[in-house]
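Requesting a structural model of the entry that follows:
(4 chains)
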Protein chains: 4
Amino acid sequence: MDKETLLANPVGFDALLGLELLECTEELVSARLAVRDELRQPFGLVHGGVFASIAETLASVGTAVVVVPEGSAAMGISNQTSFLRPISAGTIHARALRRHRGRTTWIWDVEISDDEGRTCALTRMTIAVRPIRGPAPPGGS
Amino acid sequence: MDKETLLANPVGFDALLGLELLECTEELVSARLAVRDELRQPFGLVHGGVFASIAETLASVGTAVVVVPEGSAAMGISNQTSFLRPISAGTIHARALRRHRGRTTWIWDVEISDDEGRTCALTRMTIAVRPIRGPAPPGGS
Amino acid sequence: MDKETLLANPVGFDALLGLELLECTEELVSARLAVRDELRQPFGLVHGGVFASIAETLASVGTAVVVVPEGSAAMGISNQTSFLRPISAGTIHARALRRHRGRTTWIWDVEISDDEGRTCALTRMTIAVRPIRGPAPPGGS
Amino acid sequence: MDKETLLANPVGFDALLGLELLECTEELVSARLAVRDELRQPFGLVHGGVFASIAETLASVGTAVVVVPEGSAAMGISNQTSFLRPISAGTIHARALRRHRGRTTWIWDVEISDDEGRTCALTRMTIAVRPIRGPAPPGGS
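Numbering: from 1, shown residues only, chains lettered A, B, ... in the order given. Purely as a prediction, here's the structure:
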C-alpha cells in the first residue's frame, strides 16, 4: 500500500461512501464527505454507520501507512462511536488523532464535525498491529 | 414509518449497502448482505464500517418500529463494534437481539457471522428513545 | 450534594479507593490515588477496574455538581475504558475533560497517567441527565 | 497462578471489593458480592466502577486460568460497561461468558444482575493474550 495512491484514489467501500482523504501524517488523518441522500437513514439524517465507517478508515489508514512498510498489518479490533448531534446536510468533516502507539495496539480518537464546527460524533478506534507471516493476507485475530 | 415498508424497501444508506432485512420482531431483527468489491477495504476484506453500519440499522429499526407509533423517536447514542474475524467473500449474516428495554434507553446486541456460522463481529448498540415534540424531525441529544 | 463537601470528603466507594479529588470545574475534574496493594490484581499491577472506577467518579461528579442544583440527576450510561500501559507503583493521576454537554447526555474523556506523565488508560464516559421526579432517589433508565 | 488458589483466596483489589468467586470453567466465570456502604456512590447506589471492576476480574481470571499455564499473560485491552438499572441493596450477581477465543484476543460478555434476576449492567471485555518473554512480569501493550 502506497501512501500517495491511498490518498488519491479511494477504492472499495471508501469510494462507495465518496470519502475524500485530505491529510495523512503519522499522528493525524483528516477527510471529508459531502452529505447526499444515499448516506441518510429513513428519517433524513446521516446514518450513524457512515460516521463509524469514516472513523474506521481514518484510523486504519493512519496506522497502515506506518506499519505496512515495516512488514505488519493493521486490523481494527474495536470501533466505539458515540453520537452527539445529527448531521442532515452540508459536509461531514473528520479528524483522527493518534492517542497511543503501542507495540501491538494503536488507539485513535476521531472527531466528526459539521460545517458549523460542532462536534457530532466521537470514535475511539483500537487497531491491532500484527506481523504478516509469509504471503498471507492480513486479517483474523 | 411503516414496518412492512421499511422491511420491503430499504432506502438511503441501507440501499447503498444493499442490505436485505429478513425479520423484524420486538426482540429480534435479522438481515443479510452479499459481499461485493464496493464493501471492501484496500486489503480485500469487508470494511469494518460495513459491520458497524448493519448493526446500527438493525438496532435502530428494531427500536423505531415499536416507539415511533407511540410518538417517540429512536436515536443511536453509541455503537460499540468489536471485530473478531474478517469476512472476504460470501454473505454477511446479522442478527440483533434486544437486551434491554428501558424508558429512555434500549440496548441491542448484534452478531455478525459468515457463511460458516462463525462469529465475525459483535456490536452493542445503545439507542435513546425520546418523545417527539411537535412536528420537528428526531435527532440531537 | 454540595460541591465543597463532595471534594473534601469522599464517601463510600471513593473513600474505599482512597481517591483524592483535586479540582472540579464545569469542564475539568482531576484526582489522584496512591498505589497500594489493595488496588492490585494478582500479577501486581493496578487492577483495571480501579481506572474505570476513577473515571466513573470524575465524570459523574463533574456532571452532578452542575445538574443536581438544577433539579436533575446524573447517571452513568456507559463507561468505555481502554488500557494502554500498566501502573504498578507510585501515584495514579486522572483528568476528566468534558467533551459534550447535551440536553440529556454529557460525554467526558478521562485520561489516566502515571508519575512519568505517560497515558495509561483512556475512558469515554456517557452520563445521562434526567429530571428528578418528586422525592425519589436518582437511578434507573 | 493456580486456579483453586485464585478461587479460594481473592487478593488485592478483589479482596478489597469482597468479591466471592463461585465458578470458573473455560467458558463461564461467576461471582457475587454483597452490597455494603463502602461500595456506594454519594446517592446511595452501588458505584458503577464496582460493576466494571467485577467484570474485569471475571474476564481476566477466566482467560488467565487457561493461558497462564500455557506461558502467556492475559491483559485487559478494553472494558465497555453499560449501565441499565441501579442496585442499592442485596447481592450483586455476575456471570461472564466467553464469546471469542482468538489467538491474540479473547472477548467475554459479563452480565450483572440483582437479587430479582434483573439485568443491571452489561460489560464487553476484550483481553489480550501475549506470550511472556523471559522472567518479565506481564503488562503493557
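
was I right about A:Ala74 contacting A:Val67?
Yes: shown here, A:Ala74 and A:Val67 form a contact pair, counting by C-beta atoms under 8 Å, at 5.4 Å. In this view, the C-beta of every residue, glycine as well, is placed from N, C-alpha and C.

neighbour-wise, which of the two wins?
Taking other C-beta atoms under 10 Å in any protein chain shown, A:Ala74 and A:Val67 do not tie; A:Ala74 has more neighbours (22 against 19).

what are the bridge partners for that one, then?
A:Val129 (DSSP bridges).

what's the single longest helix in chain A?
helix A:48-67 (DSSP state H).

Now do that helix, average pLDDT.
Mean pLDDT, helix A:48-67: 97.

Can you pull the residues that touch both of A:Ala74 and A:Val67?
Shared contacts of A:Ala74 and A:Val67 (C-beta atoms under 8 Å, 6 or more residues apart in numbering or on different chains): A:Val129.

interface residues of chain A facing chain C?
A:80, A:82, A:84-85, A:99-100, A:102, A:105, A:107, A:109, A:119, A:122, A:124, A:126 (C-beta under 8 Å from any C-beta of the partner chain).

which residues touch A:Asp109?
Contact partners of A:Asp109, counting by C-beta under 8 Å, 6+ apart, are A:96-97, A:99, A:122-125, C:109.

mind redoing it with 7 Å?
A:Asp109 makes contact with A:97, A:99, A:124, according to C-beta atoms under 7 Å, 6 or more residues apart in numbering or on different chains.

Distance to chain D added to these, as CSV?
Shown next, in CSV, are the contacts of A:Asp109 (distance: C-beta to the nearest C-beta, whole Å):
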residue, distance to chain D
A:Leu97, 18
A:Arg99, 12
A:Arg124, 9
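
Most neighbours out of the residues of chain A next to chain C, which is it?
A:Ser82 (27 neighbours).

what about it, which helix or strand?
A:Ser82 belongs to strand A:72-83 when assigned by DSSP states H and E.

which helices and strands sit right next to that strand?
helix A:48-67, strand A:119-131, helix B:48-67, strand B:72-83, strand C:119-131 (3 or more C-beta pairs under 7 Å, 6 or more residues apart in numbering or on different chains; DSSP states H and E).

I'd like the next helix or strand past the fourth one.
Spelled out, that is strand B:72-83. strand B:91-101.

Can you list the strands that that following strand pairs with?
When pairs are called by DSSP bridges, strand B:91-101 turns out to pair with strand B:28-34 (antiparallel), strand B:105-113 (antiparallel).

neighbouring contacts of the shortest one?
Residues from elsewhere that reach strand B:28-34, judged by C-beta under 7 Å, 6+ apart: B:17-23, B:54, B:58, B:61-62, B:91-97.

before we move on, back to that, quick one: is the longest helix of chain A near chain D?
No: counting by C-beta under 7 Å from any C-beta of the partner chain, chain D is not contacted by helix A:48-67; separation bottoms out at 13.8 Å.

now that helix against strand A:91-101, angle please.
On the basis of axes from the mean of the first three to the mean of the last three C-alpha atoms, to 10 degrees, helix A:48-67 is oriented at 50 degrees to strand A:91-101.

got the angle between helix A:48-67 and strand A:119-131?
Going by the same axes, to 10 degrees, helix A:48-67 makes 40 degrees with strand A:119-131.

CA atoms only: put helix A:48-67 into PDB for me.
Provided in PDB are the C-alpha atoms of helix A:48-67 (Å, rounded to 0.1, in the frame of the first residue of the first chain):
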ATOM      1  CA  GLY A  48     -24.700   6.600  12.100                       C
ATOM      2  CA  GLY A  49     -22.800   3.900  10.300                       C
ATOM      3  CA  VAL A  50     -21.400   6.500   8.000                       C
ATOM      4  CA  PHE A  51     -19.700   8.200  10.900                       C
ATOM      5  CA  ALA A  52     -18.400   4.900  12.200                       C
ATOM      6  CA  SER A  53     -17.100   3.900   8.800                       C
ATOM      7  CA  ILE A  54     -15.200   7.200   8.200                       C
ATOM      8  CA  ALA A  55     -13.600   6.800  11.600                       C
ATOM      9  CA  GLU A  56     -12.600   3.200  10.800                       C
ATOM     10  CA  THR A  57     -11.000   4.200   7.500                       C
ATOM     11  CA  LEU A  58      -9.000   7.100   9.000                       C
ATOM     12  CA  ALA A  59      -7.600   5.100  11.900                       C
ATOM     13  CA  SER A  60      -6.800   2.100   9.700                       C
ATOM     14  CA  VAL A  61      -5.100   4.200   7.000                       C
ATOM     15  CA  GLY A  62      -3.200   6.200   9.600                       C
ATOM     16  CA  THR A  63      -1.800   3.000  11.100                       C
ATOM     17  CA  ALA A  64      -1.300   1.100   7.800                       C
ATOM     18  CA  VAL A  65       0.800   3.800   6.200                       C
ATOM     19  CA  VAL A  66       3.300   3.400   9.000                       C
ATOM     20  CA  VAL A  67       3.200  -0.400   9.800                       C
END
